[in-house]
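>>> please work out how this folds:
(chains A and B)
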Number of protein chains: 2
Amino acid sequence: MTPHPLRVHLEQIAPLTDGEFDYILGHFMPRAFRRHQFVVQEGMAVPGDFFVVKGCLRAYHTASDGKESILQFATENWWVTDYDAYYRERPATISIDCIEPCELLCLSLLNREKLCAELRGVEHFFRKKSNAGYVALQQRILSLLTTNAAERYEQFAAQYPHLLQRLPKTMIAAYLGVSRETLSRL
Amino acid sequence: MTPHPLRVHLEQIAPLTDGEFDYILGHFMPRAFRRHQFVVQEGMAVPGDFFVVKGCLRAYHTASDGKESILQFATENWWVTDYDAYYRERPATISIDCIEPCELLCLSLLNREKLCAELRGVEHFFRKKSNAGYVALQQRILSLLTTNAAERYEQFAAQYPHLLQRLPKTMIAAYLGVSRETLSRL
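Got it, this is the predicted structure:
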C-alpha cells in the first residue's frame, strides 16, 4: 500500500508511528475544489492552512486598479493559505484559487496548535518547515532586489521546472513582477 | 533588577522559570562588535544566529558590480544571521555588519537544536517566531511587487519610525530597492 502523501511529507522531518499519523490525519479536513474555485477569498475568514494532495493553486493580491500580483504558487506537497490572516485570525487580505482541480487537506489553527501541543514531532515539523520557508522568501526578496526580468525568469525556470508547464505565462509574469510583454520577449 | 532583555523577549511567547532562563542563557555567547565590523562575512562560516541586545546591523548582498542590496536591518530584540547558510551549515552568501557598536548574543546551530530538543518552550518560541518572520517577509514581497518608490518609503516609515533616525538614506534606498536619487526626491 502506498503511504499517504501527508505522511511521506511529515516524515521527511519527523518520524511518526502509525497511530500518531492516523491521529494527526484525523485533524485534517479533506476538501475538493474545482478549477477557478476560491479556497481563500479576500475579506472572508480563513478556514485553515491547506496541504496540497493534488492540483495547483495561486495566492494573489488584487490592487485597486485590478492588477494581480502573485505571492505564491502551490502544487503537490506544498502548503498554502493567507498566513497573516490565518495566524492572527483576521479576514483574508489576499485570495487563493485553483489553477487546476484540487484535492486539499485543511488544518484549522485550533487543530494545528492542538497537534503541536500534544505531539512533539508536529511542533518540530512546523518549526523546521517555517525555517525553510523563511529562507526561501529571503531568497525571493534578494532576487526581486538584485535581478532583471530575464535573470528572474531563468531563476524561476531552474528552481521550478515542473511549474513552467502547468502555469500560464501571464501568471508567471505576475509572480516575477515583470510585465507579460517583457516575459514574452524572453 | 531589570529582567534580561532576552528573557523579556522569549517570555512574550513562552513563559520560563529562572532556572530555565539561566540554562538557556548559558548556551548563548556574548559578543561585542565595533561600528563597521563584520558579524557574518560572505564566503566564511556562520558562527550562529545573533540576538541584538544593543546596536544596529544590516544584512546585505553585494552584486558583482559592487551594488549593495539590503536584505534586513536588525536593532534591539531582533535576530539576524545568514539563515540559509546557518541552517544548512554552508559558507555565507551575504554579509552582516554593524551600523552602530553592537552587543549581541550568539546562538550556534548546535545549541539551538539542543535547546529545542531539551526545552519544549524553546521549540515553541522558535516556531512562533519563524511563523511571524515568514508573514513579515510575505508582506515585504507583496510590497516589492505592488508599490512604487514613494509608497514603499511611506510603508517603511510607518512600520519602522525608529529606524528612520538611525539609518543613512543610502541604506534605506538599498533596502527598498529604489535609487538614492529617487529617495532624495521624496
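>>> which of the helices or strands spans A:R35?
For A:R35, there is no host helix or strand (DSSP states H and E).
>>> what's around it, how many residues?
By other CB atoms under 10 Å in any protein chain shown, the residues close to A:R35 number 12. All C-beta atoms are positioned from the backbone trio N, CA, C, and that covers glycine.
>>> and A:T93, by the same measure?
15.
>>> burial of A:Q155, as a residue count?
Applying other CB under 10 Å, I find that A:Q155 has 15 neighbouring residues.
>>> and for it, nearest residue in space, chain neighbours not counted?
A:S143 (5.9 Å; CB to CB, 6 or more residues apart in numbering or on different chains).
>>> so the one you found, which of the three states?
Assigned with DSSP: H, G, I helix; E, B strand; the rest coil, A:S143 falls in the helix class.
>>> could you list every residue that touches it?
By CB atoms under 8 Å, 6 or more residues apart in numbering or on different chains, the residues touching A:S143 are A:E151, A:R152, A:Q155.
>>> find the nearest non-adjacent residue to A:D84, please.
Per CB to CB, 6+ apart, closest to A:D84 is B:V135, 4.6 Å.
>>> and if you look at A:P5?
Closest residue to A:P5 apart from its sequence neighbours, by CB to CB, 6+ apart: A:V53 at 5.7 Å.
>>> I'd like to know which elements the strand or helix carrying the one you found is packed against.
Secondary structure assigned from DSSP H and E places A:V53 in strand A:49-54. Applying 3 or more CB pairs under 8 Å, 6 or more residues apart in numbering or on different chains; DSSP states H and E, one finds that strand A:49-54 makes contact with helix A:5-11, strand A:79-80, strand A:102-107.
>>> now do the buried residues in that strand.
Across strand A:49-54, burial judged by 16 or more other CB atoms under 10 Å in any protein chain shown covers A:D49, A:F50, A:F51, A:V52, A:V53.
>>> nearest spatial neighbour of the third one, skipping sequence neighbours?
Once flanking residues are discounted, A:F51 sits nearest to A:L105: 4.4 Å by CB to CB, 6+ apart.
>>> need the residue closest to the centroid of chain A.
Centroid-nearest residue in chain A, with CA atoms, centre = their mean: A:V80, separated by 2.7 Å.
>>> ok, now which ones touch that one?
Contacts of A:V80 (CB under 8 Å, 6+ apart): A:V39, A:D49, A:F50, A:V52, A:L57, A:A59, A:Q72, A:A74, A:I96.
>>> contacts only, for A:H36.
Contact analysis of A:H36 by CB under 8 Å, 6+ apart lists A:D97, A:C98.
>>> change it to 10 Å
Listed by CB atoms under 10 Å, 6 or more residues apart in numbering or on different chains, the contact set of A:H36 reads A:D97, A:C98, A:I99, A:E100, A:P101.
>>> ok, A:Q159 next?
A:A136, A:Q139, A:R140, A:S143.
>>> and the second one, how many neighbours?
Pointing back at A:Q139 there. The number of residues packed near A:Q139 is 16, by other CB under 10 Å.
>>> follow-up on the earlier one: in JSON lines: the helices and strands packed on strand A:49-54, plus distance to A:M29 and mean pLDDT.
Shown next, in JSON lines, are those (distance: least, CB to CB, whole Å; pLDDT from 0 to 100):
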{"stretch": "helix A:5-11", "distance to A:M29": "12", "mean pLDDT": "98"}
{"stretch": "strand A:79-80", "distance to A:M29": "15", "mean pLDDT": "98"}
{"stretch": "strand A:102-107", "distance to A:M29": "4", "mean pLDDT": "98"}
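>>> on that earlier part again, ok, the residue nearest to A:P5 to chain B distance?
Here the criterion is CB to the nearest CB, to the nearest Å. By it, A:V53 lies 22 Å from chain B.
>>> rewinding a little: once you drop chain neighbours, what's closest to the residue nearest to the centre of chain A?
For A:V80, ignoring the flanking residues on the chain, the nearest one in space by CB to CB, 6+ apart is A:A74 at 3.7 Å.
>>> tell me the bridge partners for that neighbour.
A:A74 has the following beta-bridge partners by DSSP bridges: A:L57.
>>> hang on, the earlier thing: between the contacts of A:V80, which is closest to chain B?
A:Q72 (7.8 Å; CB to the nearest CB).
>>> by contact count, what packs against the helix or strand where that closest one lies?
Assigned by DSSP H and E, A:Q72 belongs to strand A:68-74. Packing contacts for strand A:68-74, counted by 3 or more CB pairs under 10 Å, 6 or more residues apart in numbering or on different chains; DSSP states H and E, involve strand A:49-54, strand A:57-62, strand A:79-80, strand A:95-98, helix A:120-146, helix A:169-176, helix B:120-146.
>>> sorry, back to before: contact partners for the residue nearest to A:V80?
With CB under 10 Å, 6+ apart, A:A74 has these contacts: A:39, A:50-52, A:55-59, A:80-81, A:96, A:98-99, A:102, A:104.
>>> sorry, back to before: the residue nearest to A:P5 contacts A:P30, doesn't it?
Yes. Using CB atoms under 10 Å, A:V53 is in contact with A:P30, at 8.0 Å.
>>> what's the overlap in contacts for these two?
Common contacts of A:V53 and A:P30 (CB under 10 Å, 6+ apart): A:E103, A:L104, A:L105.
>>> buried members of these into ChimeraX, please.
One line in ChimeraX is enough to select the buried ones among those; burial here means 16+ other CB under 10 Å:
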select /A:104,105
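>>> out of the shared contacts of A:V53 and A:P30, which comes closest to A:L16?
Closest approach to A:L16 among those (CB to CB): A:L105, at 15.3 Å.
>>> specify the beta-bridge partners of that closest one.
Note on A:L105: beta-bridge partners A:P30, A:F51, judged by DSSP bridges.
>>> against A:F28, how distant is it?
Per CB to CB, to the nearest Å, A:L105 is found 4 Å from A:F28.
>>> same thing with A:P168?
30 Å.
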